[in-house]
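Undergrad: Using only what follows, build the 3D model:
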Amino acid sequence: MHKALIAALAALLTVPATGMLMSSTAFAAPLCDKLGFAGLLAKCNRGEPIELTLASGKPLGAGEVKLQSGAYYELKITADGSAELAISGPEFFRAIWMNEIVINGIEVRPMAIDSLEFDKAGLATLSFIAIKPGSYEVRIPNTASDSQKIKIAIQ
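TA: Here you go, the predicted structure:
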């Protein structure tokens with residue numbers, strides 16, 4: 001029975017002219033093969049940290065950020081205290097699994113967030129696993145400049 005099911009599935013996925021299997025959408029895998037006990041949070045599955053700066057009149061970040069679905073990342077947001085500023089990106093925050101947010105050594109494990117606001121200088125570190133492929137935007141609310149937003153693509 002299993003052999004017949006596998007043969008039928010292979011026949012459905014075969015391109016008639018070439019006899020080769022059709023390729024489906026790109027498969028996004030974690031960054032390493034040996035995840036071990038920690039699973040997706042394993043050290044070998046961690047991407048480069050993403051650093052953003054909240055400062056009055058200064059760019060939020062540099063260029064577009066590309067993330068791998070299934071990989072673990074840290075987003076470090078530093079506010080210099082020059083103005084009361086927030087960062088917003090509800091679509092992006094819904095496309096990730098949030099592990100924790102660390103603010104002044106206090107760990108918060110939220111289900112979801114829409115934004116973070118800094119009333120004075122400080123650092124917030126968000127650790128997460130990128131999940132849903134797509135293009136997203138994280139920005140300082142109520143701003144129009146391209147330097148006040150950053151594009152994040154999850155592949």
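Undergrad: Which positions in the host helix or strand of Leu52 come out as buried?
TA: Per DSSP states H and E, Leu52 falls inside strand 50-54. By neighbour count on 16 or more other Cβ atoms under 10 Å, the buried set for strand 50-54 is Ile50, Leu52, Leu54. Where C-beta positions appear, they are placed from N, C-alpha and C, glycine not excepted.
Undergrad: now do stretch 94-112
TA: Ala95, Ile96, Met98, Asn99, Ile101, Val102.
Undergrad: quick one: contacts of that stretch?
TA: For stretch 94-112, contacts defined as Cβ atoms under 8 Å, 6 or more residues apart in numbering pick out 41, 72, 93, 113, 116, 122-132, 134, 136, 154.
Undergrad: Please apply the same query to stretch 62-70.
TA: 28-31, 40, 45, 47, 50, 73, 129-133, 150-155.
Undergrad: With just CA atoms, put it into CSV.
TA: Output of stretch 62-70 as CSV, limited to C-alpha atoms (Å, rounded to 0.1, in the frame of the first residue of the first chain):
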residue,chain,number,x,y,z
ALA,A,62,21.4,50.4,7.4
GLY,A,63,20.0,48.7,4.3
GLU,A,64,17.6,45.8,4.0
VAL,A,65,17.8,42.9,6.5
LYS,A,66,17.4,39.3,5.1
LEU,A,67,16.5,36.6,7.5
GLN,A,68,16.2,32.8,7.1
SER,A,69,12.9,31.2,8.1
GLY,A,70,13.5,28.8,10.9
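Undergrad: Dig out what the residue nearest to the spatial centre of the chain forms beta bridges with.
TA: Geometric centre of the chain, nearest residue: Ala130, 3.6 Å, by Cα atoms, centre = their mean. Judged by DSSP bridges, the bridge partners of Ala130 are Ile96.
Undergrad: Tell me which stretches of the protein form helices.
TA: Per DSSP state H, the chain carries helices over the ranges 2-13, 90-94.
Undergrad: for this structure, where's the lowest mean pLDDT among helices and strands?
TA: Confidence across the helices and strands of the chain bottoms out at helix 2-13, with a mean of 45, counting by mean pLDDT, DSSP states H and E.
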